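> Below are the sequence and a predicted model for it; my questions follow.
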Amino acid sequence: MSEITILGFAGSLRKGSYNKAILRAAGEVLPPNTRLEIFDLEGIPLFDQDLEMTPPQRVAEFKSKIRAADAILIATPEYNYSVSGVLKNAIDCASRPYGDSAFDGKPVAIMSASIGMLGGARAQYHLRQCFIFLNMTPVTRPEVFVGQADKKVDENGRFTDEVGRKLIKELVENLVKLTVRMKGEVNG
C-alpha cells in the first residue's frame, strides 16, 4: 500500500485550542504508511464571492493542500450549537467557486473537543450536513466527542485521555480503510 496522506485542520484559531490538541494526538496514533499534515486556518480571509475566481494566496494554498491529500480529518469546536465561524468560512472558501470544490469526493472524518459535556456533538451533526453538498464520504464510527476537554489537555497542550486516544486511533484507522477502499474503486 502506498502512503496515505491525511490533511487535518481545526476550526479554532486559539493557540491553546483543545481541537488542535486532539489533532496532534491523531498524529501520534497513525497507522503504518500514513502521514498527517496539519493546516492552520489562521490567515484565511472572510469569504468574498467577488474574489472566488482569483482567491487570496492563503485560500489557494488551503485548496491545494486539500486536493493533494488523500483524506481529510477535521477537529471542530462547538459554538452556539454549531460549527465555528472560522471553520465554516474555511469550508466556504475551499469549496468555491461552484464546480471547483477542493473537497469533492474526499473521504473525511470528524472529531470534536469542547469544555461542555457533549463534546461538540451538535457541531459534528451540522458539519455532516455540509458533507452531503460537498460530495464527501464521512467515516461514521466511532464518533469522537471529547467532553470536558479542559480537564483532558495538559499544560503542554497534550491530549492525555487514554480512552479518547483509543477512539481517535480507531477513527483514523477507519478513515485510512475508507480511503484505501475508495482509491481502489477509483483505480480498479
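Yep, that arrived. Numbering: from 1, shown residues only.

> switch to C-alpha atoms for all contacts and neighbour counts from now on
OK.

> Buried residues, whichever helix in the chain runs longest. List them.
Using DSSP state H, we find that the single longest helix of the chain is helix 162-187. Buried residues in helix 162-187, counted by 16 or more other C-alpha atoms under 10 Å: 164-165, 167-176, 178-180, 182.

> repeat for stretch 33-47
Across stretch 33-47, burial judged by 16+ other C-alpha under 10 Å covers 34, 36-38, 41, 44-45, 47.

> any residues touching that stretch, and which ones?
Residues outside stretch 33-47 that contact it (C-alpha atoms under 8 Å, 6 or more residues apart in numbering): 1-13, 23, 27, 30, 56, 58-59, 62, 86-87, 89-90, 92-93, 176.

> so how far is the first residue of that stretch from its last?
End-to-end distance for stretch 33-47: 35 Å, by C-alpha to C-alpha, to the nearest Å.

> which residues of this structure score low on pLDDT?
The chain contains residues with pLDDT under 70 at 1, 186-188.

> Leaving out chain neighbours, which residue sits closest to the residue nearest the centre of the chain?
Of all residues in the chain, the one closest to the mean position by C-alpha atoms, centre = their mean is Ile74, 1.2 Å from it. Using C-alpha to C-alpha, 6 or more residues apart in numbering and skipping residues adjacent in sequence, the residue nearest Ile74 is Ile110, 4.9 Å away.

> give me the number of residues near the one you found?
28 (other C-alpha atoms under 10 Å).

> What does it show for phi and psi?
phi -120, psi 140 (degrees, to the nearest 10).

> just the one 10 residues further on next, same as before
Note on Gly120: its backbone torsions stand at phi 90, psi 20 [degrees, to the nearest 10].

> Also Ile6?
phi -110, psi 130.

> What's opposite it in the beta bridge?
Leu36, Ala71 (DSSP bridges).

> my guess is it meets Ala68, correct?
No: with contact defined as C-alpha atoms under 8 Å, Ile6 does not count as touching Ala68 (9.2 Å).

> Those two: who's more crowded?
Ile6 (28 against 13).

> Which residue ranges of this protein form helices?
Remark: helices assigned in the chain by DSSP H are 18-28, 57-68, 85-94, 121-134, 162-187.

> Can you add distance to Thr140 and give those back as CSV?
Shown next, in CSV, are the helices of the chain (distance: least, C-alpha to C-alpha, whole Å):
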stretch, distance to Thr140
helix 18-28, 17
helix 57-68, 20
helix 85-94, 20
helix 121-134, 10
helix 162-187, 9
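
> Quick one: closest of those helices to Ala149.
For Ala149, the closest of the helices of the chain is helix 18-28, at 6.4 Å, according to C-alpha to C-alpha.
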